[in-house]
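Engineer: Return atomic coordinates for the entry below.
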Amino acid sequence: MRKLYLLIIVVLIYTGISWAKEDVRFSGPGLTASLDRDSAVVGSMVVLTLKYRLPHGAGFASEPEIKGLDELTEVDREIGPDKITMTLLVDRLGLWKTGPISLAYLDKDEIPRTLNTEPVSLTVLSNLGEKPEEARLRAIQGIFATRPLWLKYIPWAAGLLVLLLVVSTLVWWHRRRRGKNSIKAMDPPHIRAEKEIEELEGAGLFEKGHVKAYYFRFSEILRQYLESLRGFPAAEFTTEEIATYIVKEQDRSLIPLLRQADLVKFADTVPTAARKEEAVNAAFSFIRETSPATDKDHMPDGSKGVLR
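Structural biologist: Okay, the predicted model is just below:
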């Protein structure tokens, strides 16, 4: 019985020390960051929790500004009275890591201040298991029953008919669009990109509910413009590959736009109309900033640098 009492006393003392450490840790302004797991597979979502304590009388100007997550893809964010919960997409292999994280706020005298904390990271696992090099692909279908020999030629015949139909349609479309495309080809890349975005907006795909079709085309226009501007095949690269090829700092403003488009195309994210408009305005701004000096002040419709 005496040993049981001693054990209870030790547990209480250890718990009190832990609580005291937490009280000391959060007795003043501070910021901590933690992930909900140590490892995750590619394509999964992880939750980053930022716990903060502001000085007396301090607050945020509007939405809290968080730095250190520039290279990561944010899917959702929830802001509470003492913590910020962010859902992030694991979209790369190897080590997935944030930068040093900072949270901006205004003190009681309206002077900008920041809280800082160390980076957090997790290990990205392969979808093929712990040893992907040893994984073997297996057939997902069993043995089929034998069929008459002529039946195997039906898919070939059907495929040939479909191919002929597709080729005929492409020839007809090409002949119809050849005149218009030849005129477009004469335009400089920045003029062509602006016209294509305006045509996309005029089609009203987003407003009609065809959100994925809109962002597929929007992303394609930006990639083709970047390809014509910088000379590498951006139209064929993934967003992460484009990010590694970018040299000029002004080109990095395209990466958030392309990542937002990827979330819509592959993660079924549906942005608001306001966020879509922000993306369009950012695209126009990038095109104007990278266009020749003689054309920077003019839009295709004759207006001078007015954002949509």
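Engineer: which parts of the strand or helix carrying residue 77 are buried?
Structural biologist: Taking DSSP states H and E as the definition, one finds residue 77 inside strand 73-79. Neighbour-count burial for strand 73-79 flags 73-74 (criterion: 16 or more other C-beta atoms under 10 Å). For glycine as for every other residue, the C-beta is placed from the backbone atoms N, C-alpha and C.
Engineer: Name the nearest residue to residue 257, sequence neighbours excluded.
Structural biologist: Here the nearest residue to residue 257 in space, its sequence neighbours aside, is residue 279; by C-beta to C-beta, 6 or more residues apart in numbering that works out to 5.4 Å.
Engineer: State the phi and psi torsions of the one you found.
Structural biologist: Reported as degrees, to the nearest 10, the phi and psi values for residue 279 are phi -60, psi -40.
Engineer: Flag the shaky bits of the stretch 51-200 of the chain, pLDDT-wise.
Structural biologist: Counting by pLDDT under 70, the stretch 51-200 of the chain has low-confidence residues at 127-150, 178-185.
Engineer: quick one: the strands in it?
Structural biologist: With DSSP state E, counting those that start in this stretch as the criterion, the stretch 51-200 of the chain has strands at 66-67, 73-79, 83-89, 95-97, 101-106, 112-117, 121-125.
Engineer: And residue 116, how far from residue 220?
Structural biologist: Summarising the geometry, the distance separating residue 116 from residue 220, computed by C-beta to C-beta, to the nearest Å, is 39 Å.
Engineer: Count the neighbours of the residue nearest to residue 28 when sequence neighbours are not counted for me.
Structural biologist: Spatial nearest neighbour of residue 28, excluding adjacent residues (C-beta to C-beta, 6+ apart): residue 53 at 7.2 Å. The tally of other residues near residue 53 (other C-beta atoms under 10 Å) stands at 16.
Engineer: Okay, and the beta partners of residue 53?
Structural biologist: As for beta bridges, residue 53 partners with residue 30 under DSSP bridges.
Engineer: likewise residue 112?
Structural biologist: When bridges are taken as DSSP bridges, the partners of residue 112 come out as residue 106.
Engineer: Compute the number of surrounding residues for it.
Structural biologist: Burial measure for residue 112: 10 neighbouring residues, criterion other C-beta under 10 Å.
Engineer: Tell me if I'm right that residue 51 and residue 32 touch.
Structural biologist: Yes - A contact is recorded between residue 51 and residue 32 when judged using C-beta atoms under 8 Å, the distance being 4.8 Å.
Engineer: orientation of the strand holding residue 77 relative to strand 83-89 in degrees?
Structural biologist: Interaxial angle of strand 73-79 relative to strand 83-89 (axes from the mean of the first three to the mean of the last three C-alpha atoms, to 10 degrees): 160 degrees.
Engineer: Now do the same contact list for the residue nearest to residue 28.
Structural biologist: 26, 28-31, 82 (C-beta atoms under 8 Å, 6 or more residues apart in numbering).
Engineer: Nearest to residue 214 among the strands of the stretch 51-200 of the chain would be which one?
Structural biologist: Across these, residue 214 has its closest neighbour in strand 73-79 (19.2 Å, C-beta to C-beta).
Engineer: Show me what that closest one is packed against.
Structural biologist: Secondary structure elements in contact with strand 73-79, counted by 3 or more C-beta pairs under 8 Å, 6 or more residues apart in numbering; DSSP states H and E, are strand 83-89, helix 254-267.
Engineer: starting at the chain centroid, how far to it?
Structural biologist: The chain centre lies 11 Å from the centre of strand 73-79; the measure is C-alpha atoms, centre = their mean, to the nearest Å.
Engineer: Setting aside sequence neighbours, what's the nearest residue to residue 120?
Structural biologist: In space, residue 120 is closest to residue 33, 5.0 Å off (C-beta to C-beta, 6+ apart).
Engineer: Which strand or helix spans that neighbour?
Structural biologist: Following DSSP H and E, the helix or strand that holds residue 33 is strand 30-35.
Engineer: Can you mark which positions in that strand are buried?
Structural biologist: Buried positions in strand 30-35, judged by neighbour count with 16+ other C-beta under 10 Å: 31-33, 35.
Engineer: same question, stretch 64-71
Structural biologist: In stretch 64-71, the ones that count as buried by 16+ other C-beta under 10 Å are 64, 66, 68.
Engineer: show me what contacts the first one?
Structural biologist: In this case it means residue 64. Contacts for residue 64 were tallied using C-beta under 8 Å, 6+ apart; they are 79, 84, 103-105.
Engineer: ok, 7 Å please
Structural biologist: Neighbour list for residue 64: 79, 84, 103-104 [criterion: C-beta atoms under 7 Å, 6 or more residues apart in numbering].
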